[in-house]
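[1] Generate a structure from the sequence data that follows.
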Amino acid sequence: MLKNIVLSVLLFSAIGAAQVTTVKQYPIDANHSTVGFSVSIMGGLSKVIGKFTEFTVTLTNDEKDITKSSVSVVIKAASINTGIAARDNHLRSADFFDVEKYPEITFQSKHIEKKGKQLLAIGIFTMHGVSKEIALPFQITGVSKDPTSKKMNLGYSARTVLNRRDYGISWTHPKVPNFVGDNVEIEINLITKAIDAQ
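    This is a model prediction of the structure:
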């Protein structure tokens with residue numbers, strides 16, 4: 001009887017050990033992270049560069065298998081900032097983002113793919129009420145460890161190009177049709193808050 005009890009305890013201990021997960025949720029340091037974009041103007045003569053100042057990112061990382069990781073992004077569309085108040089108000093209007101009707105821009109990954117050194121977050125991107133599956137290329141830019149506090153930070157970056165007209169943002173200048181380009185370059189740079197080093 002005692003032998004059976006001991007064997008049962010060992011079995012459940014082994015099962016428990018096997019279920020220990022390497023998946024962890026990493027909080028994002030929003031003060032040192034950026035969700036930015038740029039779009040050509042006047043037929044490519046220049047670019048407007050801007051960012052969104054209010055966003056949340058939920059990043060779950062599997063330390064042993066990156067394909068089991070996930071990411072969720074929620075951006076407040078009204079937080080758009082290009083440095084010119086009048087332009088930002090126009091971008092918030094129904095001509096562009098229509099922030100009162102569509103207050104959030106979101107991305108929710110379905111799975112992560114690894115092709116050689118290339119990492120792709122495959123998921124649903126929603127903007128201006130339109131949802132499409134996209135493949136978002138990203139990379140882990142590095143790990144910084146503090147030898148004193150034994151804390152570490154992780155860096156991530158992602159870049160892609162979206163066509164604004166695919167999401168119903170189709171405003172055209174009445175006198176200069178190519179004043180605002182269609183393709184929008186997206187650049188995301190994230191850093192995690194300090195977490196316990198392994």
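
[2] can we go C-alpha only for contacts and neighbour counts from here?
    Will do.

[3] centroid residue for this structure?
    For the chain, the residue nearest the mean C-alpha position is V73 (5.0 Å; C-alpha atoms, centre = their mean).

[4] That one is in contact with F55, isn't it?
    Yes. Because the distance of 7.2 Å satisfies C-alpha atoms under 8 Å, V73 is recorded as touching F55.

[5] Strand partners (parallel or antiparallel) of the longest strand along the chain?
    Determined from DSSP state E, the single longest strand within the chain is strand 130-146. Here strand 130-146 is paired, per DSSP bridges, with strand 118-127 (antiparallel), strand 151-163 (antiparallel).

[6] ranking those strands by burial, who's on top?
    strand 118-127 (a mean of 19; mean count of other C-alpha atoms under 10 Å).

[7] re earlier: got the strands paired with strand 130-146 as CSV, with mean pLDDT and distance to G43 columns?
    Output for these, formatted as CSV (pLDDT from 0 to 100; distance: least, C-alpha to C-alpha, whole Å):
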stretch, mean pLDDT, distance to G43
strand 118-127, 96, 24
strand 151-163, 92, 15
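
[8] Can you check which of those gets nearest to K68?
    In terms of C-alpha to C-alpha, the element of the strands paired with strand 130-146 nearest to K68 is strand 118-127, at 10.7 Å.

[9] Just list the residues touching I186, thanks.
    By C-alpha atoms under 8 Å, 6 or more residues apart in numbering, the contact list for I186 reads V35, G36, F37, S38, A158, R159, T160, V161, L162.

[10] Could you report the separation of the first one from G116?
    Note on V35: its distance to G116, by C-alpha to C-alpha, to the nearest Å, is 26 Å.

[11] Next, the contact list for the closest residue to Y102 other than its chain neighbours, please.
    Distances taken as C-alpha to C-alpha, 6 or more residues apart in numbering place H128 nearest to Y102, at 5.5 Å, with adjacent residues excluded. Each residue near H128 by C-alpha under 8 Å, 6+ apart is listed here: F97, D98, Y102, I105, Y167, G168, I169.

[12] sorry, back to before: tabulate the strands paired with strand 130-146 (a markdown table), appending distance to H111.
    Formatted as a markdown table, those follow (distance: least, C-alpha to C-alpha, whole Å):
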| stretch | distance to H111 |
| --- | --- |
| strand 118-127 | 6 |
| strand 151-163 | 16 |
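
[13] Show me the one of these that comes nearest L45.
    Of all the strands paired with strand 130-146, strand 151-163 comes closest under C-alpha to C-alpha, at 18.6 Å.

[14] Report the inter-axis angle for the helix or strand that comes right after the closest one versus strand 130-146.
    Using DSSP states H and E, the next helix or strand after strand 151-163 towards the C-terminus is strand 180-191. If you take axes from the mean of the first three to the mean of the last three C-alpha atoms, to 10 degrees, strand 180-191 sits at 30 degrees to strand 130-146.

[15] Much appreciated, bye for now.
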